[in-house]
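Enquirer: Give me a model of this one.
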Amino acid sequence: MEKSIMLMVGALLLASAASAQPAYTPDGKMLVPRDYRSWMFLTSGYDMSYVEGPAATNHSFGNVFVDRPSYEVFAKTGIWPDKTVFVLESRAGSADDPLVKRGEFQAGPPMSLETHVKDAAKGGWAFYGFGRDGGPAAMIPKTAACYSCHQDHAQTDTTFTQYYPTLARK
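Expert: Residues are numbered from 1 along each chain as shown. Below is the predicted model:
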């Protein structure tokens with residue numbers, strides 16, 4: 001009995017690691033990681049923006065997830081392994097509930113979804129922005145501001161670990 005449980009757990013771990021791998025269409029577009037909400041939750045930002053301008057009139061939460069196998073490697077070594085996938089999911093903020101007297105909660109489906117992927121076969125770290133339809137996304141061009149911002153301001157290997165309390169390196 002114990003051996004069959006161990007085999008089942010091992011199979012589940014292998015399936016989890018395989019599902020965390022970035023998947024692409026034959027033309028190089030990335031597929032949305034379907035099970036990302038079961039990955040490691042790193043943080044939720046509220047109304048965060050990296051550009052100057054007026055405050056948002058509609059509030060949003062930015063939830064960040066990373067695949068569990070990469071998280072475990074990083075926790076042990078401080079290095080993100082090849083095939084690491086981060087997901088940034090943006091959701092609307094709402095106070096539209098009679099129980100809520102102050103503050104906001106996350107509501108509705110994701111407004112946007114982006115990934116930050118470390119894939120040596122694709123030239124290292126890359127960004128992908130998905131539409132609301134959840135279809136495959138082309139790589140955001142390396143000339144986009146997100147690349148230089150992450151290169152110049154990220155705490156660890158182009159990732160903003162300074163905003164992830166459980167991973168922040170002092």
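
Enquirer: Doesn't V32 lie inside a helix?
Expert: No - going by DSSP: H, G, I helix; E, B strand; the rest coil, the assignment for V32 is coil, not a helix.

Enquirer: mind listing what it touches?
Expert: 113, 115, 130, 134-137 (Cβ atoms under 8 Å, 6 or more residues apart in numbering). The way it works is simple: take the backbone N, C-alpha and C, and place the C-beta from them, glycine included.

Enquirer: Mind doing that once more with 6 Å?
Expert: Counting by Cβ atoms under 6 Å, 6 or more residues apart in numbering, V32 makes contact with 130, 134.

Enquirer: cool, V85 as well?
Expert: By Cβ under 6 Å, 6+ apart, V85 lies in contact with 22, 33, 67, 115, 117.

Enquirer: and the fourth one, what are its phi and psi?
Expert: Right, T115. Phi and psi for T115, reported as degrees, to the nearest 10, are phi -120, psi 150.

Enquirer: How many residues are close by the nearest residue to it once chain neighbours are set aside?
Expert: Distances taken as Cβ to Cβ, 6 or more residues apart in numbering place Y128 nearest to T115, at 4.7 Å, with adjacent residues excluded. Applying other Cβ atoms under 10 Å, we find 23 residues neighbouring Y128.

Enquirer: And the strands in the protein?
Expert: 40-46, 60-66, 85-94, 105-119, 124-130 (DSSP state E).

Enquirer: Which stretches in the chain count as helices?
Expert: In the chain, the helices defined using DSSP state H lie at 2-20, 68-77, 145-153.

Enquirer: among these, where is the model least confident on average?
Expert: Note on those: helix 2-20 shows the lowest mean pLDDT, a mean of 45.

Enquirer: about what we covered before: do you know which of the strands of the chain lies nearest Y164?
Expert: Nearest to Y164 among those is strand 40-46 (4.2 Å), distances taken as Cβ to Cβ.
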